[in-house]
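Visitor: okay, sequence plus prediction incoming.
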2 protein chains.
Amino acid sequence: MTVNNDAASAIVVDADSGFAHPAIDAGFDLLIESAKKNGCAAMSVRNSYNCGVLGFHTERIAQAGMTGLGFTNAPASIMPVGGNKSIIGTNPFSVAVPDGKGGVAFVLDQSASVVAKSEIKMHAQAGKSIPEGWAYDPDGKPTTDADAAMKGSMAPVGGYKGFGAGLLVEIFAAVMSGATLSQDASPFAGTAGGPPRTGQFFFAASPDVFSPDVFADRIQTLTSSIVAQEGAHLPGSGRVTAREAHEANGVGVSAALLEKIQAI
Amino acid sequence: MTVNNDAASAIVVDADSGFAHPAIDAGFDLLIESAKKNGCAAMSVRNSYNCGVLGFHTERIAQAGMTGLGFTNAPASIMPVGGNKSIIGTNPFSVAVPDGKGGVAFVLDQSASVVAKSEIKMHAQAGKSIPEGWAYDPDGKPTTDADAAMKGSMAPVGGYKGFGAGLLVEIFAAVMSGATLSQDASPFAGTAGGPPRTGQFFFAASPDVFSPDVFADRIQTLTSSIVAQEGAHLPGSGRVTAREAHEANGVGVSAALLEKIQAI
């Protein structure tokens, strides 16, 4: 693994086909220090792997008092609108925002597809059809057949604008970081094709540099205007609630899974 | 107007309630120089105004050889999903990517709403109803009545993920830049409420720092894989075609509009 910080606001990490988490860790402190000192900084990670929940990483940036923006790519599963070949992965972006008082205001983390691919897999395994609008078959036609969808493509959320959001992610996580493009990446599961060598890209920017006078007030007004609306909620609030419940009550797993874990 | 560059990778502009374009111009060279030298840089603009086509500004970043990401906010017209009060504007983001050979690969520029508000205005002025899925009435209920939609809210593209994309923009263009939040901004048209004092935020990152070895190859592979698919197209390609036609043949305007322009 290598970490290069020759340019003051750039942390360039090569994960050497290892896991994403230690590669992100290797550059993380430099990213925060540089953003604090220079106002903003970016960290790229190439030859990496699935980084799990992207918001886990951007939240750490917000916990350090910076606004964090993150991108990660994945093996291709979304076609451009009008096309018939998957070009980008479900490519999520995440933004995490500090509250200006030492805490985190919220963490937004969303993929470019209508649903997660795991949703379609569960329907296929259960022999169930999928709702209209979730996916396309290998010929690029809308399908409710989960098996055809698994071989085809995920529907981008909101049509061409969903593909656009995923393309934004591809530009930073793969093209800028010099990682493998989604269309050339081997699957995350299994060893076929060797390591996927996908990538991540993070921006960190300092509220203390850009808006020290009004940042805390603005983020407070924005978030309270959303939560004040009955039926509306902040992005990621479901995850926060679930995390608190898990910390208090533990995580429920099946006996079969627990046995598997204990065997490992 | 003030431009602050105390932190090496931060250009902090206050437009002093003037137009956006000269404010962006005032910091633009510093943004490019800083990104080139430090790997990445960001420029915020507060107390500004509608910056017109956001992609115009990010394209200039790409023309300078940097990958540009831009955000701009606007008076509120989109409610959070499940809510009944508009919080964010149609808040577009734009990413512009150099081709690594001195040119621009493409410019993506998309708003957070299903359609532009001007589309709904045209339907209202023509006394026509609007298609389902474009907008909500003032009570937050879906509507096909263009007048009710003008008083209500625009539908975010793809539901809560569209609202999420607009919220990402709000975080940078308003909260990080210290501009007026969309929900507190006066209209762009007319003088009611005084200057809107909205904002912009731009990131510029250098391919020469992050991926000098493979950038040109990756962007070439990505874009050619999209254009090779019959029926698919690169973001912004329609604008490029229109621009070339306009440069060759001029721009068609009505005699009435031409008279107005000449009178000014």
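Guide: Cool, got the structure. Residues are numbered from 1 along each chain as shown, chains lettered A, B, ... in the order given.

Visitor: use CA for all of it now, contacts and neighbours both
Guide: Noted.

Visitor: name whatever forms a beta bridge with residue A:68.
Guide: Judged by DSSP bridges, the bridge partners of residue A:68 are residue A:96, residue A:204.

Visitor: contacting residues for it?
Guide: Contact analysis of residue A:68 by CA atoms under 8 Å, 6 or more residues apart in numbering or on different chains lists A:58-59, A:61-62, A:94-97, A:202-205.

Visitor: next, count neighbours for the closest residue to residue A:194 other than its chain neighbours.
Guide: Computed as CA to CA, 6 or more residues apart in numbering or on different chains, the closest residue to residue A:194 that is not its neighbour in sequence is residue A:186, at 6.7 Å. For residue A:186, the count of nearby residues is 20 (other CA atoms under 10 Å in any protein chain shown).

Visitor: quick one, phi psi at the residue of the stretch 151-264 of chain A found nearest chain B?
Guide: In the stretch 151-264 of chain A, the residue that lies nearest chain B is residue A:158 (4.1 Å; CA to the nearest CA). Here is the backbone geometry of residue A:158 (degrees, to the nearest 10): phi 80, psi 20.

Visitor: quick check: closest non-adjacent residue to it.
Guide: In space, residue A:158 comes closest to residue B:158 once its chain neighbours are excluded; the distance is 4.1 Å by CA to CA, 6+ apart.

Visitor: quick check: longest helix of chain A.
Guide: helix A:20-38 (DSSP state H).

Visitor: quick check: mean pLDDT of it?
Guide: In this model, helix A:20-38 carries a mean pLDDT of 98.

Visitor: again, but for stretch A:234-246
Guide: pLDDT averaged over stretch A:234-246 gives 94.

Visitor: that stretch near chain B anywhere?
Guide: Yes. Using CA under 8 Å from any CA of the partner chain, stretch A:234-246 reaches chain B at residue A:235.

Visitor: and the residue of the stretch 151-264 of chain A closest to chain B, how many neighbours?
Guide: Residue A:158 - counted by other CA under 10 Å - has 22 other residues nearby.

Visitor: do you know the pLDDT at it?
Guide: Predicted confidence (pLDDT) for residue A:158: 92.

Visitor: same check on residue A:190?
Guide: 89.

Visitor: secondary structure class for it?
Guide: coil (DSSP: H, G, I helix; E, B strand; the rest coil).

Visitor: please look at residue A:106 and residue A:236 and confirm they touch.
Guide: Yes. Contact between residue A:106 and residue A:236 holds when scored by CA atoms under 8 Å: they sit 6.7 Å apart.

Visitor: please enumerate the strands of the stretch 51-200 of chain A.
Guide: All strands of the stretch 51-200 of chain A, identified by DSSP state E, counting those that start in this stretch, fall at A:67-72, A:93-98, A:104-110, A:135-136, A:142-143, A:153-154, A:198-205.

Visitor: from the chain's centroid, how far away is the third one?
Guide: Using CA atoms, centre = their mean, to the nearest Å, the mean C-alpha position of strand A:104-110 is found 11 Å from that of the whole chain.

Visitor: what packs against it?
Guide: helix A:54-63, strand A:93-98, helix A:215-227, helix B:160-170 (3 or more CA pairs under 8 Å, 6 or more residues apart in numbering or on different chains; DSSP states H and E).

Visitor: again, only using 6 Å
Guide: strand A:93-98 (3 or more CA pairs under 6 Å, 6 or more residues apart in numbering or on different chains; DSSP states H and E).

Visitor: C-alpha coordinates for the strand it packs on, CSV please?
Guide: C-alpha atoms of strand A:93-98 as CSV (Å, rounded to 0.1, in the frame of the first residue of the first chain):
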residue,chain,number,x,y,z
PHE,A,93,-22.4,9.2,-3.2
SER,A,94,-22.4,10.3,0.4
VAL,A,95,-22.3,13.7,2.1
ALA,A,96,-21.8,14.1,5.8
VAL,A,97,-22.2,17.4,7.5
PRO,A,98,-20.9,18.5,10.9
